[in-house]
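Colleague: here is a sequence together with a model predicted from it:
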Amino acid sequence: MNVALGVWPARWTRQQRSTATIAASAALLVLFMWGVAKPLSWLPDPIGPVAEEFASGTRVTVWLTLASGLSGIAIGVLSAVAKLAPFPPIRWAADLYVWAVRGTPLLVQVLFVYFALPAIVPGLQLSDFSSAVVALAVNVGAYNAEAIRAGIVAVPKGQTEAARALGLSPVQTFRDVVFPQAFKIALPPLVNNVVALLKDSSLAYVIGVVELSNVGNRLQAATFEPVPTLATTATIYLVLTTVLTRISGAIEQRLDVEQRR
Amino acid sequence: MSLVHPAPSPTAERPPLIVAEGVNKHFGAAHVLRDVTTRFYEGEVAVIIGASGSGKSTFLRTLNRLEKHDSGRIVVDGIELDDSVRNLDAIRREVGMVFQQFNLFPHLTALENVALAPRRVRGAPRGEAIRAALELLTRVGLADHVRKHPFQLSGGQQQRVAIARALAMNPKVLLFDEPTSALDPEMINEVLDVMKDLARSGMTMIVVTHEMRFAREVGDRILFFDHGELLQDAPVDEFFERQRNDRIRAFLGQITH
Ligand SMILES: Nc1ncnc2c1ncn2[C@@H]1O[C@H](COP(=O)(O)OP(=O)(O)O)[C@@H](O)[C@H]1O
Ligand SMILES: [Mg+2]
């Protein structure tokens, strides 16, 4: 992502340049979510007339990804800590969770949250969108747990010792010393997980969420024109994954005070 | 107040700052500390020497409970080191430590490294903690480097930041575990000079080191460890000038060439 940083004035510090890249990419994403209908509407049939539907599908996909991505990171941090807990039953619970999620198809998990969970938990009512967010968050959380756990154990023991010797509590030691370093180490695999999540969010269509792939599939079926409809769908996904990768690349650079990359 | 002062005798009058009594430590089958008994007094500079693997680091680390001792008693500033967490936090506030590998926090600047513990542990307001940190970094000669991250500093500079970081908690005693062993030779003196200044200012210090000139110059007392045993505990001049133990003489001969 050095290319992205190259467009900013050279006298800016690396941190300023990566911050600018994050801001610019985020702005680009917002612009794309609401503005993509415009260029699509200029396209000939069958795309032009349904430009708004593509745009709204794009927004749903981005919201799905953001909501489940952020919760998935929180779940990943908690599970990683649980995996390293001194109390064995907590470790077992975390291991069980990761094992179950990684050993079953995401499709089954999405269906499970939508259909089976309300049957198990009486009174639980989740919309199709919320069900998809829960399933995706739980899914990506299990993969994030591994990445973050690996990051935590990669932080040298001397860091914890120095913090404890200064009188920091275990919680302060984790929050102020271990976690920031672990997160930086875990960032590249986390980014992979979130990009995968963006694509995996297409599975939400099986429970009726009208996200991007659902829009594409419906139009393809209605118009009998698979090439333009699916090509448009794929192109929008490509734009989204590219912007996402760019944002995370810039975040990586921001955290990389040692400027190794 | 009486006009006739008794001769200052560090062992008799003042209560000791740290008491170690019959301390034992095992790592698996290895008996790493064997019945270590000694006392450290306020204002004293005690230097610990001994061959590699003799238990110097382990002993130092039991004093702030980075290692638990198996048996015996360790009392720091009147507080016994046991499994009570409250005691532990109180102790660690009083006992600062400087490590061989510096162990600075790489994601924080020099200033943030020094200000972190006062802010978190003592709840010092940010501005106050930063001001105090600036003062300490100036004292160790790093006023021009406060905004740098550890990787931008030389080893000697990093170790001086680490000393400032330990001082920021206003500890009653500072533990040094081979503070110059990871340094290039040309950087050793800048760190030793800071430590000498500290010793002169009356700081209580327990220093594991192989720097015999430092030991002679600022040490009050030498503790010699041998296979986990505190083989000798003697005033500096006696230790170096009137050494009777053949093993220690051989060790000193090796280390000073
Ligand atoms: N965490 C540990 N686990 C197992 N053995 C250890 C550990 N730390 C130290 N030891 C062993 O204890 C002995 C004393 O080590 P140490 O206190 O580091 O010696 P010194 O600092 O005098 O070189 C050595 O034999 C060392 O291998
Ligand atoms: Mg050692």
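Modeller: Yes, it's here. Ligands and ions are numbered 1, 2, ... in the order given.
Colleague: got the residues of chain B near chain A?
Modeller: Residues of chain B lying close to chain A (Cβ under 8 Å from any Cβ of the partner chain) are B:64, B:66, B:89, B:92-93, B:95-97, B:99, B:101, B:103-107, B:116-117, B:120-121, B:149, B:151, B:162, B:165-166, B:169. Backbone N, C-alpha and C define where each C-beta goes, glycine included.
Colleague: can you say which of those residues are buried?
Modeller: Neighbour-count burial (16 or more other Cβ atoms under 10 Å in any protein chain shown) is assigned, among those, to B:64, B:66, B:92-93, B:95-97, B:99, B:101, B:103-107, B:116-117, B:120-121, B:149, B:162, B:165-166, B:169.
Colleague: alongside ligand 1, which residues does chain B contribute?
Modeller: Chain B comes close to ligand 1 at residues B:27, B:30, B:32, B:50, B:52-58, as judged by Cβ under 6 Å from any ligand atom.
Colleague: buried ones among those?
Modeller: Judged by neighbour count, with 16+ other Cβ under 10 Å as the criterion, the buried members of the residues of chain B next to ligand 1 are B:32, B:50, B:54-58.
Colleague: which element follows the helix or strand of chain A with the lowest mean pLDDT toward the C-terminus?
Modeller: For chain A, using mean pLDDT, DSSP states H and E, the weakest element among its helices and strands is helix A:2-6, scoring a mean of 55. Per DSSP states H and E, helix A:2-6 leads on to helix A:14-35 as the next helix or strand towards the C-terminus.
Colleague: now for that next one, which elements pack on it?
Modeller: If you count contacts as 3 or more Cβ pairs under 8 Å, 6 or more residues apart in numbering or on different chains; DSSP states H and E, helix A:14-35 packs onto helix A:2-6, helix A:51-83, helix A:226-255.
Colleague: dump those helices to CSV, plus distance to chain B.
Modeller: Listed next are those as CSV, based on distance: least, Cβ to the nearest Cβ, whole Å:
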stretch, distance to chain B
helix A:2-6, 19
helix A:51-83, 17
helix A:226-255, 8
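Colleague: can you redo those helices as CSV with mean neighbour count?
Modeller: Listed next are the helices and strands packed on helix A:14-35 as CSV, based on neighbours: other Cβ atoms under 10 Å in any protein chain shown:
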stretch, mean neighbour count
helix A:2-6, 13
helix A:51-83, 20
helix A:226-255, 18
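Colleague: so for ligand 1, which of these sits nearest?
Modeller: In this view, the helices and strands packed on helix A:14-35 are compared for proximity to ligand 1 by Cβ to the nearest ligand atom, and helix A:51-83 is the closest at 22.4 Å.
Colleague: any idea of the mean pLDDT for the closest one?
Modeller: Along helix A:51-83, the predicted local confidence has a mean pLDDT of 95.
Colleague: before we move on, what about stretch B:127-142?
Modeller: In this model, stretch B:127-142 has a mean pLDDT of 96.
Colleague: skipping adjacent residues, who's closest to the most far-flung residue of chain A relative to its centre in space?
Modeller: Farthest-out residue of chain A from its mean C-alpha position, per Cα atoms, centre = their mean: A:Ala165, at 36.7 Å. Across the structure, with Cβ to Cβ, 6 or more residues apart in numbering or on different chains as the measure, the residue nearest A:Ala165 apart from its sequence neighbours is B:Met97 (4.2 Å).
Colleague: does that neighbour sit in a helix, a strand or a coil?
Modeller: When states are read from DSSP: H, G, I helix; E, B strand; the rest coil, the local structure at B:Met97 comes out as strand.
Colleague: report the contact partners of it.
Modeller: By Cβ atoms under 8 Å, 6 or more residues apart in numbering or on different chains, the contact list for B:Met97 reads A:162, A:165, B:60, B:64, B:66, B:166, B:174-177.
Colleague: picking that back up, which of the buried ones among the residues of chain B next to ligand 1 fall in strands?
Modeller: Among these, the members found in strands (DSSP state E) are B:32, B:50.
Colleague: SS state for A:Glu258?
Modeller: Reduced to three states with three-state DSSP, the structure at A:Glu258 is coil.
Colleague: any stretches of chain B with poor pLDDT?
Modeller: Within chain B, the stretches falling below the threshold (pLDDT under 70) are B:1-13, B:256-257.
Colleague: mind redoing it with 80?
Modeller: Counting by pLDDT under 80, chain B has low-confidence residues at B:1-14, B:85-87, B:255-257.
Colleague: ok so, going back, among the helices and strands packed on helix A:14-35, which is nearest B:Asp83?
Modeller: Relative to B:Asp83, the nearest member of these by Cβ to Cβ is helix A:51-83, separated by 22.8 Å.
Colleague: continuing past that closest one, what's the next helix or strand?
Modeller: Trace forward from helix A:51-83 with DSSP H and E and the next one is helix A:88-102.
Colleague: elements contacting the helix or strand just after that following helix?
Modeller: Remark: after helix A:88-102, the chain's next helix or strand is helix A:106-111, criterion DSSP H and E. Here helix A:106-111 touches helix A:128-154, going by 3+ Cβ pairs under 8 Å, 6+ apart.
Colleague: identify each buried residue in the helix or strand following the helix it packs on, please.
Modeller: The C-terminal neighbour of helix A:128-154 among helices and strands, as given by DSSP H and E, is helix A:157-165. Of all the residues in helix A:157-165, those buried under the rule 16+ other Cβ under 10 Å are A:159-165.
Colleague: hmm, back to that, widest-spaced pair of the residues of chain B next to ligand 1?
Modeller: Checked with Cβ to Cβ, these reach their widest spread between B:Phe27 and B:Gly50, with 16.8 Å between them.
Colleague: now the closest residue to A:Pro170 other than its chain neighbours: how far from B:Glu128?
Modeller: Once flanking residues are discounted, A:Pro170 sits nearest to A:Arg164: 7.8 Å by Cβ to Cβ, 6+ apart. Between A:Arg164 and B:Glu128 the distance is 24 Å, computed by Cβ to Cβ, to the nearest Å.
Colleague: before we move on, what about B:Arg120?
Modeller: As for B:Arg120, its distance to B:Glu128 is 13 Å (criterion: Cβ to Cβ).
Colleague: now swap in B:Leu167 and tell me
Modeller: The span separating B:Leu167 from B:Glu128 equals 15 Å under the rule Cβ to Cβ.
Colleague: those two: who's more crowded?
Modeller: Here B:Leu167 and B:Glu128 are compared on neighbour count by other Cβ atoms under 10 Å in any protein chain shown; more neighbours surround B:Leu167, at 22 against 13.
Colleague: check the residue in the stretch 101-250 of chain A that ligand 1 sits nearest to and give its pLDDT.
Modeller: At 9.4 Å from ligand 1, A:Lys157 is the closest residue in the stretch 101-250 of chain A, using Cβ to the nearest ligand atom. We note a pLDDT of 96 for A:Lys157 in this prediction.
Colleague: just put the helices and strands packed on helix A:14-35 in CSV and tack on distance to A:Met33.
Modeller: Conversion of those to CSV gives the following (distance: least, Cβ to Cβ, whole Å):
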stretch, distance to A:Met33
helix A:2-6, 20
helix A:51-83, 5
helix A:226-255, 9
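Colleague: the strands in chain B, which residues?
Modeller: Remark: strands assigned in chain B by DSSP E are B:18-27, B:30-40, B:45-50, B:71-76, B:79-80, B:95-98, B:173-177, B:204-208, B:221-226, B:229-235.
Colleague: and those, which is most packed in?
Modeller: Stretch with highest mean neighbour count among the strands of chain B: strand B:95-98 (a mean of 26; mean count of other Cβ atoms under 10 Å in any protein chain shown).
Colleague: neighbouring strands of that strand in the sheet, and parallel or not?
Modeller: Based on DSSP bridges, the pairing partners of strand B:95-98 within the sheet are strand B:173-177 (parallel).
Colleague: name the nearest residue to residue 129, sequence neighbours excluded.
Modeller: Going with chain A. The shortest distance from A:Phe129 to any non-neighbouring residue, by Cβ to Cβ, 6+ apart, is to A:Val209 (5.6 Å).
Colleague: was after chain B, sorry
Modeller: Residue nearest to B:Ala129 in three dimensions, not counting chain neighbours: B:Ala115, with 4.1 Å by Cβ to Cβ, 6+ apart.
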